[in-house]
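Student: requesting a structural model of the entry that follows:
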Amino acid sequence: MEGWTHPPGRLPAIDFGNPKLTPVIRALAGNLRAGARAWTPPAGVTLDRTKIGSTECFVLAPVGEEALPEMLYCHGGGFLLPVQTGSLALAALYAQRLRIRVFLPEYRLLPQDPYPAPFQDCLEVWQAMPGRSLLYGESAGGTLAAGLAQCLTDRGEGELAGQVLIYPALDDHFERYPSAAAYPNAAWSASSNRFMWKEYLRKDPGEGTYAVPMRRKNLTGLPPAYVEPQELDILRDEAVAYGQRLGQAGVPVEVNLIPGSYHGFDVETGAPPAPAVLERRLNAMRTMLRTDRKDGK
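Tutor: The predicted structure follows:
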């Protein structure tokens, strides 16, 4: 993998830390927002848009069912990009295969709204979900999902069945991990990650908050976790380290490191290794939900 910079067949990653690209990123966010609103779900899945507090949410559910377990899906995008069609497609897949209702909030974004705004939006949506069961987060969304798991544990909210962390960003001191040096120009670059944390933590959260999950000293009592690092990703080793810490604290955890994969690989759900990886995710979530559904429909 020497000289590897971005996945074959994909455009090179945008450097979100480059101020010259600010207009490009703003335009990209607008296009992604329009694309998400034009997206239609597959057969067998309903899509609604609702507002919880001031946060707009996409809500996906299997057709014909009312009382369902629910999952909060915290989307990725470096706290700079809105819900994307790839996340909606995954949410639809989870809704259909697990028979759950999935809430995808359009939480507030950088540069206008650093921590705690995105966290507060997701917490507010979670608290309004009547059948809340699972937390799910990818990339920056993994920051939110892991932080919410810590917060809800501290509050004694016992209905949380599990947390699913997909190539999560968990440590603002990411440069101490070998994977950060190994893949600095990967799909999610070191420059972008550095910029994200600097902007997200613009208002110093101090100790005892949930902005940076890795800062928490005691992980005892957190809900079961499925942690999925990607091999060719600067975030790989911090995700592995967090999974190891969870296990050492007595938390049931599965760490599934995907060989040869990269940050955001699952957007192409039909391309290897995505199908096999998605099956393993689904099985982990089924276990968390304490279901024995095997039909895969």
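Student: now for Arg286, how many residues are close by?
Tutor: For Arg286, the count of nearby residues is 16 (other C-beta atoms under 10 Å). (Each C-beta comes from the backbone N, C-alpha and C, glycine too.)
Student: same check on Ala274?
Tutor: For Ala274, the neighbour count with other C-beta under 10 Å is 17.
Student: quick one: residues contacting it.
Tutor: Neighbouring residues of Ala274 by C-beta atoms under 8 Å, 6 or more residues apart in numbering: 265-266, 268.
Student: show me which of those are buried.
Tutor: 265-266 (16 or more other C-beta atoms under 10 Å).
Student: any weak-confidence spans in the stretch 1-150 of the chain?
Tutor: Scanning the stretch 1-150 of the chain with the threshold set as pLDDT under 70 gives 1-13.
Student: and the helices in the stretch 151-297 of the chain, which stretches?
Tutor: Secondary structure of the stretch 151-297 of the chain (DSSP state H, counting those that start in this stretch): helices at 178-182, 190-200, 236-248, 274-288.
Student: of the contacts of Ala274, closest to Asn31?
Tutor: Nearest to Asn31, judged by C-beta to C-beta, of these is Glu268 at 19.0 Å.
Student: contact partners for that closest one?
Tutor: Ala274.
Student: just Glu159 next, same as before
Tutor: 132-133.
Student: kindly recompute the last result at 10 Å.
Tutor: By C-beta atoms under 10 Å, 6 or more residues apart in numbering, the residues touching Glu159 are 69-70, 129, 131-133, 152, 223.
Student: can you check Ala225 too?
Tutor: By C-beta under 10 Å, 6+ apart, the neighbours of Ala225 are 135, 145-146, 149, 162-165, 219, 242-243, 246-247, 251-255, 284, 288.
Student: quick revisit: and the contacts of Ala274, which is closest to Ile52?
Tutor: Among these, Asp266 lies closest to Ile52 (C-beta to C-beta), at 26.2 Å.
Student: give me the pLDDT for the closest one.
Tutor: Turning to Asp266, the model gives it a pLDDT of 93.
Student: does it really touch Ile258, like I thought?
Tutor: Yes. In this structure, Asp266 is within contact of Ile258 by C-beta atoms under 10 Å, at 9.3 Å.
Student: ok, Ile25 - contacts?
Tutor: Contacts for Ile25 (C-beta under 10 Å, 6+ apart) come out as 14-16, 18, 78, 80-81, 110-111.
Student: try it again with 8 Å
Tutor: Ile25 touches 14, 16, 80-81, counting by C-beta under 8 Å, 6+ apart.
Student: what is the nearest of the residues you listed to Lys203?
Tutor: Leu80 (16.7 Å).
Student: burial of Thr269, as a residue count?
Tutor: Residues contacting Thr269 under the criterion other C-beta under 10 Å number 14.
Student: Arg26: neighbouring residues, count only.
Tutor: The tally of other residues near Arg26 (other C-beta under 10 Å) stands at 12.
Student: buried residues in the host helix or strand of it?
Tutor: Element membership for Arg26 (DSSP states H and E) is helix 22-38. Across helix 22-38, burial judged by 16+ other C-beta under 10 Å covers 25, 28-29, 32, 36.
Student: check stretch 66-84 too.
Tutor: Using 16+ other C-beta under 10 Å as the test for burial, stretch 66-84 gives 68-84.
Student: please apply the same query to stretch 249-256.
Tutor: Neighbour counts over stretch 249-256 (16+ other C-beta under 10 Å) mark 251, 253-255 as buried.
Student: nearest to Ala187 among the residues you listed?
Tutor: Comparing every one of those with Ala187 (C-beta to C-beta), the shortest separation belongs to Val255, at 20.4 Å.
Student: that closest one contacts Arg245, correct?
Tutor: No. Proximity of Val255 to Arg245 does not meet the contact threshold set by C-beta atoms under 8 Å, at 10.7 Å.
Student: contacting residues around Leu219?
Tutor: Leu219 neighbours (C-beta under 8 Å, 6+ apart): 245-246, 248-249, 251.
Student: which one is it nearest to, not counting chain neighbours?
Tutor: Ala249 (3.9 Å; C-beta to C-beta, 6 or more residues apart in numbering).
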